[in-house]
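**Q** What would the 3D arrangement of this be:
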Amino acid sequence: MTKTIGFLGLGHMGGPMAANLVRAGYDVLAYDPVPASQEQARSDGATVVDTAAAAAANRDVVITMLPNGKLVLDVYAELLPAAAPGTLFLDCSTIDVADAKAAAALAVTAGHRPLDAPVSGGVAGATAGTLTFMVGGTAADFADAGDVLAVMGAKVVHCGESGVGQAAKICNNMLLGISMIGLSEALVLGERLGLSHQSFFDVVSTASGQSWALTSYCPVPGPVPTSPANNDYQPGFATALMSKDLTLAANALQANGIDGQLGALAAAIYARFNQTDAGRDFSAIVTDIRDRSAETDR
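**A** Numbering: from 1, shown residues only. The predicted structure is shown next:
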């Protein structure tokens, strides 16, 4: 193993991902402007540097895990000139497809090899190294990134050309958001009709209404002990992130002329919930549905 890695963005997701690379034996130069993230990276064994450019210099692979597309493009303006020719740039952020394509074009123009590789699996998956990667870019670059991605994820899928990894991510999360809202409405209806959460789970988990949202991430305490509902909805996958992803999906629906009524409605529902509960897990939407339903009885 010879790859050296620069890692930028050491938050709830990026920090554990970088730590897994260190544990696998990679030489990781890490950068994040937040002091607490820097300190955690040091304790995890990464070498923390003072600038983004320093993290990219003389690295085989540069990984970014950043909050939005504008920041990715801004950071690339600093990273691309600092990196050695032919550096593999792996952006794991979840951003707009157009921004992903723009970042890839900038990297290619600068003589580098870009991949967009957003992830699914949340903080637990990042920590355990069991993320799913949805990758866009050339087949050759995808193959070259395989060993690095395998350290951080349990499943790695080459979805197509640049930007298509991001397309897979927003489609997946649009469906997840819609599913969680529908599941939560059904659970609250069941409560009103006298159906216990456990009985609901026992029936629906093996019936035609079964979903990952129910069997792995049940939004009420009890049936799935590992779900955030059993920990006062500590994320997990925060409402703010789901709202962001659904907004990206709603924008893509509109831009591509898709009659995506449920996707647009899910984005609006989570945008409203995000105004008051941004830091709770997105499955806490069930509490909002319950509370708003109680208001209609008054």
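**Q** Do you have the helices of the stretch 151-298 of the chain handy? List them.
**A** Using DSSP state H, counting those that start in this stretch, the helices of the stretch 151-298 of the chain run over 164-192, 197-204, 212-215, 239-255, 261-277, 285-295.
**Q** cool, and the stretch 1-150 of the chain?
**A** 14-23, 35-43, 52-56, 69-82, 97-109, 122-128, 139-144, 146-152.
**Q** need the least confident one among those helices, by mean pLDDT.
**A** If you rank those by mean pLDDT, helix 122-128 sits at the bottom with a mean of 91.
**Q** Okay, buried residues for that helix please.
**A** Across helix 122-128, burial judged by 16 or more other C-beta atoms under 10 Å covers 122, 123, 125, 126, 127. Backbone N, C-alpha and C define where each C-beta goes, glycine included.
**Q** For the second one, which non-adjacent residue is spatially closest?
**A** In space, not counting the residues next to it along the chain, residue 123 is nearest to residue 12; the distance is 5.1 Å by C-beta to C-beta, 6 or more residues apart in numbering.
**Q** Check the first one too.
**A** For residue 122, the nearest residue in space outside its immediate sequence neighbours is residue 237; the separation is 4.6 Å by C-beta to C-beta, 6+ apart.
**Q** What score does that neighbour have for pLDDT?
**A** Here the pLDDT value assigned to residue 237 is 89.
**Q** Next, count neighbours for it.
**A** When neighbours are counted by other C-beta atoms under 10 Å, residue 237 registers 24.
**Q** any idea how far it lies from residue 91?
**A** For residue 237, the distance to residue 91 equals 19 Å [C-beta to C-beta, to the nearest Å].
**Q** re the thing from before, show the contacting residues for the residue nearest to residue 123.
**A** Neighbouring residues of residue 12 by C-beta atoms under 8 Å, 6 or more residues apart in numbering: 123, 126, 235.
**Q** thought the last one was touching residue 277?
**A** No - counting by C-beta atoms under 8 Å, residue 277 is not a contact partner of residue 235; they are 10.5 Å apart.
**Q** any idea how far the closest residue to residue 241 other than its chain neighbours is from residue 213?
**A** In this structure, residue 241 finds its nearest non-sequential neighbour in residue 282, 7.4 Å apart by C-beta to C-beta, 6+ apart. According to C-beta to C-beta, residue 282 stands 10 Å off from residue 213.
**Q** So if I had to pick from those two, which one is more boxed in?
**A** residue 282 (31 against 22).
**Q** residues in contact with that one?
**A** Contact criterion C-beta under 8 Å, 6+ apart gives 177, 180, 235, 236, 237, 238, 239, 241, 242, 270 as the residues in contact with residue 282.
**Q** and the last one, how many neighbours?
**A** The reference is to residue 270. Quick note: residue 270 (other C-beta under 10 Å) scores 27 neighbours.
**Q** Against residue 271, how distant is the closest residue to it other than its chain neighbours?
**A** Leaving aside its sequence neighbours, residue 270 sits nearest to residue 243 (C-beta to C-beta, 6+ apart; 4.3 Å). From residue 243 over to residue 271 the distance is 5 Å, taken as C-beta to C-beta.
**Q** Please apply the same query to residue 147.
**A** Counting by C-beta to C-beta, the gap from residue 147 to residue 271 is 39 Å.
**Q** Neighbour count: these two, which is higher?
**A** The neighbour comparison of residue 147 against residue 271 (other C-beta under 10 Å) goes to residue 271, with 16 against 13.
**Q** Who are the contact partners of residue 40?
**A** Per C-beta under 8 Å, 6+ apart, neighbours of residue 40: 10, 15.
**Q** need the contact list for residue 52.
**A** 8, 31, 75, 78, 79, 82.
**Q** Likewise for residue 56?
**A** Neighbouring residues of residue 56 by C-beta under 8 Å, 6+ apart: 6, 8, 62, 79, 80, 82, 83, 87.
**Q** bridging residues for the first one?
**A** Looking back up the chat, that one is residue 6. Under DSSP bridges, the beta-bridge partners of residue 6 are residue 29, residue 62.
**Q** is it true that it touches residue 55?
**A** Yes - counting by C-beta under 8 Å, residue 6 touches residue 55, with 3.9 Å between them.
**Q** what pairs with the longest strand along the chain, and is each one parallel or antiparallel?
**A** With secondary structure taken from DSSP state E, the chain has its longest strand at strand 153-160. Strand 153-160 has these partner strands in its sheet, going by DSSP bridges: strand 131-136 (parallel).
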